[in-house]
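[1] sharing a model prediction with you, sequence too.
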Amino acid sequence: MSPQPESRPGFFYGWWVVGAAFFATFGSVTFFNPVLGVFSQLLEDEFGWTRSDVALALSVGGLGAGVGAPFVGNALDRWGGRWVIVASGLTMAICAVALSQMTSLWHLLVFYAIGRAVSVGAMNPAGFIATANWFVRRRSLVTGIVAVGPRAGMALFPVVVAVVIEVTGTWRAGWIALAIISAVVVIPSLLFMRRRPEDMGLRPDGDPEPTSEEERISVDPETDFTLREALRTRAYWLVGIAVGLVMFCGGSVNFHQIPHLVDQGLPRTEAALVVTVFSGIGIFGAFFGGVIAQKFTMRWTMAVSLFGMGASVLLLINTASLTTAVVYAVAYGSFFGVLVSLMQVVYADYFGRRSMGTIRGSFQPFQMGMNAAGPFLVGVWYDQVGSYTPAFIAFAFLFALAGLALALASYPSAPVRTAEEQAARAEVR
């Protein structure tokens, strides 16, 4: 039975939601790019597939996530993240078991694509959107806490998979380990996840019920936009484009960094260790990014992080030893951790929490399309020329361009509504 807020005087139920969301985002890493990167060369060696063949699975999954994103966003706004997370985790577990038995490329393209679609398109965003609905004043800080989940997963999963493969002598056991993780991490969401504090007679951040209109405004200053209202703002388009560029470049680096390091002469276990350092540093970046954004706003914190990522990715080009690889991992991981923790809820920062899933989901087909295209196009490039250097240089430029877009994305003014529109919004609340 889920604990009720009144059973713990002074304890806000939203912290149970934060804990459940942490495990959900942690488990969603099962189908993230660095984990597939551990399997990539093993699959190439056993089946004769090319790097672009393997990367195509990421692309198909990303496209699936993009197509489903508007529907997932609407579902999260209407019903919350509980069943989205549970269904996603169980689907990912089934797909991982299927992948442990694959013998043909179509197995990878179907089962990995399904697992990735629900991982990045449903389970991961559901955790962030759930907590954004429970917190307003402390949203940046809480987002930083939840964002430690995927960073911890990215730090642990590649090494766990590499060790399981090393010990068992087969890559198939790695998928079984991931299936177990995917099934277990949904349990906290099943027990504790709830849609919004208002559904339980509470208020965001655990604030007391206001006694006057002036007090209501002071404790709940957030303005909620509808999708139609958000579409009329410049910020909607600039933020959407910036996130799309990040997903194009970040997804490509995350997948190709392990194969690149192996090509540079590092053993696979050392390459996986570099990703662990990159993700481990990202844990601190994710948490402190939330603290920094609480003081300086998400917008400027993300913009500065993007310029830092652009400079850091250039370090990866000539990385040929564990020492230089760790330097890259620390630099890139720090900025990447800050960025991705805030990227998940930046729409709430701009447009409020009531329609965040719908507004975020409306731009996801483009953003997930960019995420899908990146790893595949870079894989095709590598298959043709045998070098990642031009791609990494291009990523540095695109990261900087995304940072500029956010710098220009000023926060919009509150929408002007008629009395009838205001009454309709009040009824929805």
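    Done, it's in.
[2] what's the neighbour count on the nearest residue to residue 408 once chain neighbours are set aside?
    Among residues not flanking residue 408 along the chain, residue 238 sits closest, at 5.7 Å (Cβ to Cβ, 6 or more residues apart in numbering). C-beta here means a position set from N, CA and C on the backbone, and glycine is covered the same way. Residue 238 sits with 20 neighbouring residues when counted by other Cβ atoms under 10 Å.
[3] quick check, residue 238 in contact with residue 405.
    Yes. Taking contacts as Cβ atoms under 8 Å, residue 238 lies within contact range of residue 405: 4.7 Å.
[4] residue 391 versus residue 403, what's the distance?
    Residue 403 sits at a distance of 19 Å from residue 391 (criterion: Cβ to Cβ, to the nearest Å).
[5] pull the contacting residues for the residue nearest to residue 408.
    Each residue near residue 238 by Cβ atoms under 8 Å, 6 or more residues apart in numbering is listed here: 405-406, 408-409.
[6] report pLDDT for the most centrally placed residue in the chain.
    Residue closest to the average C-alpha location in the chain (Cα atoms, centre = their mean): residue 124, at 5.6 Å. The per-residue pLDDT reported for residue 124 equals 87.
[7] follow-up on the earlier one: which strand or helix spans the residue nearest to residue 408?
    If you go by DSSP states H and E, residue 238 is part of helix 234-263.
[8] for residue 194, same thing?
    Under DSSP H and E, no helix or strand contains residue 194.
[9] wait, isn't the residue nearest to the centre of the chain in contact with residue 23?
    No. Applying Cβ under 8 Å, one finds residue 124 not in contact with residue 23, separated by 11.9 Å.
[10] residue 401: how many residues sit nearby?
    Per other Cβ under 10 Å, the neighbour tally for residue 401 reads 15.
[11] and for residue 150?
    The burial count assigned to residue 150 is 29, neighbours taken as other Cβ under 10 Å.
[12] check contacts around it.
    Residue 150 makes contacts with 25-26, 28-29, 32, 124, 340, as judged by Cβ under 8 Å, 6+ apart.
[13] go through these and name the one nearest residue 93.
    Using Cβ to Cβ, residue 28 comes nearest to residue 93 of these, at 12.1 Å.
[14] show the pLDDT at the closest residue to residue 162 other than its chain neighbours.
    Excluding the flanking residues, the one nearest residue 162 by Cβ to Cβ, 6+ apart is residue 272, at 4.3 Å. On the pLDDT scale, residue 272 is placed at 75.
[15] wouldn't residue 272 be in contact with residue 258 here?
    Yes. Using Cβ under 8 Å, residue 272 is in contact with residue 258, at 6.6 Å.
[16] between these two, what contacts are shared?
    With contacts taken as Cβ under 8 Å, 6+ apart, residue 272 and residue 258 have 38, 158 as neighbours in common.
[17] what's the weakest-modelled helix or strand in this structure?
    In the chain, no helix or strand scores lower on mean pLDDT, DSSP states H and E than helix 213-219, which sits at a mean of 48.
[18] next helix or strand past that one?
    helix 227-231.
[19] list the buried residues of that next one.
    For helix 227-231, the neighbour count (16 or more other Cβ atoms under 10 Å) marks 227, 229-230 as buried.
[20] for that helix, packing partners?
    On a contact count with 3 or more Cβ pairs under 8 Å, 6 or more residues apart in numbering; DSSP states H and E, helix 227-231 meets helix 346-351, helix 356-385.
[21] among those, which is the most enclosed?
    Stretch with highest mean neighbour count among these: helix 346-351 (a mean of 26; mean count of other Cβ atoms under 10 Å).
[22] and the contacts of it?
    129, 132, 139-140, 224-225, 229-230, 233, 235-236, 239, 243, 297-299, 302, 342, 356, 359-360, 409, 411-412.
[23] coming back round to it: gap between the residue nearest to residue 162 and residue 238?
    Look at residue 272 and residue 238: by Cβ to Cβ, they are 36 Å apart.
[24] then residue 179?
    40 Å.
[25] cool, residue 113 as well?
    Taken as Cβ to Cβ, the span from residue 113 to residue 238 is 30 Å.
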